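J.: after the sequence you'll find the predicted model.
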Amino acid sequence: MYLVTAPPTGPFTFKWTLFNILLTASYSLFYPVLIYLFPHFKKPRLVLTSVGTKALRQGIQDDRDSGRGYRNSINPVASRERLLMEKETKDGLMTLELSFFIQGGLLLVAIPVLVGALLFHLIKKHTKNGSKNHQSKIELVVRLFNLN
């Protein structure tokens, strides 16, 4: 963004806008609290496996089951295990890119998700009296920010 909007003389001038403030607050305050409250968001469970990887695994398994392992050794270009390794590497990189995309999306929606979770907790607390001894993570955050 800066490379496109930089002045011709080249000095960097940073201006605080509402969007910059929201991103900074979300990154430094709200995203860590979101990860603390919902630890399953920390590492997405989605793992990508391409059709090529599945086909190569099936082909290798079929060759092992039928006793035709010699086909893999006489291929002059690349063995199936090598091709499978390359496909799995590409699948791993795509999973990593998807993980970065998901975490970036969580960073953008951290503030609304936390506000919604806190409102849900406060409404639930006022409509139903829970046990006084049990203290959830959301109650700790409410106490931390003195929202009660």
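T.: Arrived safely, thanks for sending.
J.: how much space between G105 and K124?
T.: 26 Å (Cβ to Cβ, to the nearest Å). Bear in mind the C-beta positions are built from the backbone N, C-alpha and C, glycine included.
J.: now do the strands in the protein.
T.: Counting by DSSP state E, the chain forms no strands at all.
J.: any idea which helix or strand in it has the lowest mean pLDDT?
T.: Counting by mean pLDDT, DSSP states H and E, the chain has its least confident helix or strand at helix 70-74, which shows a mean of 59.
J.: what packs against the longest helix anywhere in the chain?
T.: Ranked by residue count under DSSP state H, the longest helix found in the chain is helix 80-127. Contacting helix 80-127 under the criterion 3 or more Cβ pairs under 8 Å, 6 or more residues apart in numbering; DSSP states H and E are the following elements: helix 18-25, helix 31-37, helix 51-66, helix 137-144.
J.: what is the third one packed up against?
T.: If you count contacts as 3+ Cβ pairs under 8 Å, 6+ apart, helix 51-66 packs onto helix 70-74, helix 80-127.
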